[in-house]
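K.L.:
After the sequence you'll find the predicted model.
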Amino acid sequence: MKNLITPTGLYIGGQWLQPGDVVPGNVADFDYEKAARKGMLNDTEGAEIRNVQPGEQTVPATAPSTAPDQGEQTYTAEAFGRVQRDHDELHQYLTTAQQKLRETEAQLVQARAAAADPADVAALTEYREVVGELLPATFPSRKVLFDNGYYTLDSVRYADDETLKDLSGIGGSRLAEIRKLAPLTVNEE
């Protein structure tokens with residue numbers, strides 16, 4: 001067969017042909033009919049494309065093409081292997097980079113969700129200025145004081161000793177610890 005070209009590129013006879021390259025028509029063990037059905041092979045004169053028949057003069061399937069070199073670029077199996085390895089490495093790098101990007105984006109979403117809204121921070125600051133500082137977590141009998149409505153240092157400072165002693169769980173020694181941290185303040189009203 002003569003007048004064969006590849007519109008898509010084709011691997012035949014141990015080499016890669018670029019789109020538009022002339023395809024040798026006498027390579028043994030190459031399925032010309034299948035390549036034509038897939039649109040990878042055309043006859044420039046519209047002749048029927050058929051496989052090489054036994055007894056016809058053929059070129060071994062791995063022999064280089066005898067097509068004239070018109071400056072078209074061909075690839076050897078070795079060169080194609082290098083290109084394929086490079087492609088695989090780049091694909092792996094891309095996949096890894098995309099995974100890291102997804103993880104970083106997820107971390108950013110979490111950080112944004114956990115970040116305090118500036119308006120909330122301002123409201124909390126204003127609340128603390130109005131209400132006062134809450135009892136620290138290590139404050140003696142904090143739970144008892146909270147359960148009885150004493151949430152801030154100021155509320156404990158203005159409560160007299162007898163009122164605090166009347167609370168269940170606060171005795172003389174515990175009151176002494178409380179007064180070291182929140183001394184009694186007399187209300188001058």
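P.N.:
Structure received. Being a predicted model, the structure only gives us computed values, none of them experimental. Numbers count the residues shown, from 1 in each chain.
K.L.:
pLDDT below threshold where in this structure?
P.N.:
Under the criterion pLDDT under 70, the flagged ranges of the chain are 1, 54-75, 187-189.
K.L.:
how near is the residue at minimal distance from the centre of it to residue 31?
P.N.:
Taking CA atoms, centre = their mean, the centroid of the chain lies closest to residue 102, which sits 1.8 Å from it. Residue 102 is 43 Å from residue 31, where distance means CB to CB, to the nearest Å. For glycine as for every other residue, the C-beta is placed from the backbone atoms N, C-alpha and C.
K.L.:
before we move on, what about residue 14?
P.N.:
Residue 14 is 16 Å from residue 31, by CB to CB.
K.L.:
do residue 12 as well
P.N.:
10 Å.
K.L.:
The two: who's more crowded?
P.N.:
Comparing residue 12 with residue 31 by neighbour count (other CB atoms under 10 Å), the higher total belongs to residue 12, at 20 against 12.
K.L.:
Touching, the more buried one and residue 27? I think so.
P.N.:
Yes. Residue 12 lies in contact with residue 27 (CB atoms under 8 Å); the separation is 5.6 Å.
K.L.:
residues shared between the contacts of these two?
P.N.:
Common contacts of residue 12 and residue 27 (CB atoms under 8 Å, 6 or more residues apart in numbering): none found.
K.L.:
quick one, strands of this structure?
P.N.:
Remark: strands assigned in the chain by DSSP state E are 4-5, 10-12, 15-17, 22-23, 42-43, 75-76.
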